[in-house]
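Asker: Generate a structure from the sequence data that follows.
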Amino acid sequence: MSLQPTQSCHLSRPWRSKTIGTSTEVVAAALAVTMDNARLTKVPEGALVIFLTEALFSIVAWWFSELPGRAPGDADGIFRKLAVPALNAAGLEG
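Answerer: The predicted structure is shown next:
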């Protein structure tokens, strides 16, 4: 699963919040790349984007406070272990 955003992805989602803005756009772009032609069957896409955005920032904040000497890959691995089951629970099909 690739969580890298692409420059070619333009987002105009009605749930986009100006207070969160760019971070949700990055997560939404990454989700769009990950999903490709897949679809969500159990939750709205906007809810999943907000969930993943908040989860990502929570893991990064935790990593800074609890694992300051560890590599960023450690935080990434923890995030992915938590995010992938969330994607499955959201009913990602395709």
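
Asker: Which helix in the protein has the most residues?
Answerer: Taking residue count as the measure and DSSP state H as the definition, the longest helix of the chain comes out as helix 45-66.

Asker: Can you give the distance of whichever helix or strand comes after that helix from its chain's centre?
Answerer: Sequence-wise, the next helix or strand downstream of helix 45-66 (DSSP states H and E) is helix 72-89. For helix 72-89, the distance from its own C-alpha centre to the chain's C-alpha centre is 9 Å (C-alpha atoms, centre = their mean, to the nearest Å).

Asker: Using CSV, list the CA coordinates for helix 72-89.
Answerer: Taking C-alpha atoms only, helix 72-89 is exported to CSV below (Å, rounded to 0.1, in the frame of the first residue of the first chain):
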residue,chain,number,x,y,z
PRO,A,72,10.9,8.1,11.2
GLY,A,73,10.4,4.7,9.7
ASP,A,74,9.6,3.4,13.2
ALA,A,75,6.6,5.8,13.4
ASP,A,76,5.6,5.0,9.8
GLY,A,77,5.6,1.3,10.6
ILE,A,78,3.3,1.8,13.6
PHE,A,79,1.0,4.1,11.6
ARG,A,80,0.7,1.5,8.8
LYS,A,81,0.0,-1.3,11.3
LEU,A,82,-2.9,0.8,12.6
ALA,A,83,-4.1,2.3,9.3
VAL,A,84,-4.3,-0.8,7.2
PRO,A,85,-6.9,-2.5,9.5
ALA,A,86,-8.8,0.8,9.4
LEU,A,87,-8.9,0.7,5.7
ASN,A,88,-10.1,-2.9,5.7
ALA,A,89,-12.8,-2.0,8.3
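
Asker: oh, and call the first residue 802 from now on, that's how I've got it
Answerer: Understood, numbering begins at 802; the last thing we discussed is helix 873-890.
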